[in-house]
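Trainee: Got a predicted model here, sequence first, then my questions.
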Amino acid sequence: MGILSKLFGTGGFENDPIPQLNTILPQTVVQTIEAGKLPNLISDKLVLRKGELCHFVDVGAAVTERKHYQSRRRGSSVRIAKGWVLHNGSSTSVPVVTREITRGYLYITNQRIVFVAHKHGFEKRLKQLTAITPYDNGLELQFGDKIYVVALPNGTWAKQVLDQLI
């Protein structure tokens, strides 16, 4: 089942607005992960700290929800004289939730989980990870009270790497 259909109750994968993601992992790295071993990858964009090794990198899409309120007004206005207007009616605030999908790269090292993107990127230490919910096309990562939803070409590969690191 798709990650958005599980999280937000949409119909199925065809209704999910997640773009089609193609993996950038070489087949040898995938075979290493599926064999239960951690690959050591060279990261060209991520700056590694001393003693840090990169074990996973793949394209991803961060799924974020933004909630804002719109004002809905009903009523009428009547001009009585110049500068004098009589208003009649009411207004209510209606919550509107919008989803935003940001493409980027998910890196998993032996110390951190990093999502590199122009917007909604994050960097968290591995020991701060509270919970992992895997999906066939992504991961839900919880760090304390903050939840990050990342769509991936194959969420089980990232979950297998995290299981070996934790």
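Mentor: Received, thanks. Residues are numbered from 1 along each chain as shown.
Trainee: Going by C-alpha atoms from here, please, whenever you check contacts or count neighbours.
Mentor: Fine.
Trainee: for this structure, what's the longest strand?
Mentor: Criterion DSSP state E: the longest strand present in the chain is strand 54-81.
Trainee: Next secondary structure element downstream of that one?
Mentor: On the C-terminal side of strand 54-81, the nearest following helix or strand under DSSP states H and E is strand 84-109.
Trainee: pretty sure Pro134 contacts Leu152?
Mentor: No. Pro134 is beyond contact range of Leu152, at 10.4 Å (criterion: C-alpha atoms under 8 Å).
Trainee: who's the most far-flung residue of the chain relative to its centre bridged to?
Mentor: The outermost residue of the chain, judged against the average C-alpha position, is Ala81 (55.1 Å), by C-alpha atoms, centre = their mean. In this entry, Ala81 is beta-bridged to Trp84, by DSSP bridges.
Trainee: Between Pro134 and Leu152, which is the more surrounded one?
Mentor: Leu152 (28 against 18; other C-alpha atoms under 10 Å).
Trainee: any idea how far the more buried one is from Glu34?
Mentor: Leu152 sits 16 Å away from Glu34, going by C-alpha to C-alpha, to the nearest Å.
Trainee: Check which residues of stretch 129-139 are buried.
Mentor: Using 16 or more other C-alpha atoms under 10 Å as the test for burial, stretch 129-139 gives Ile132, Pro134, Tyr135, Asn137, Gly138, Leu139.
Trainee: Let me have the residues you listed in TSV, extended by pLDDT.
Mentor: TSV is the format used below for those (pLDDT from 0 to 100):
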residue	pLDDT
Ile132	93
Pro134	90
Tyr135	88
Asn137	88
Gly138	89
Leu139	91
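Trainee: Now for the residues you listed: which two are most distant?
Mentor: Ile132 and Asn137 (13.6 Å; C-alpha to C-alpha).
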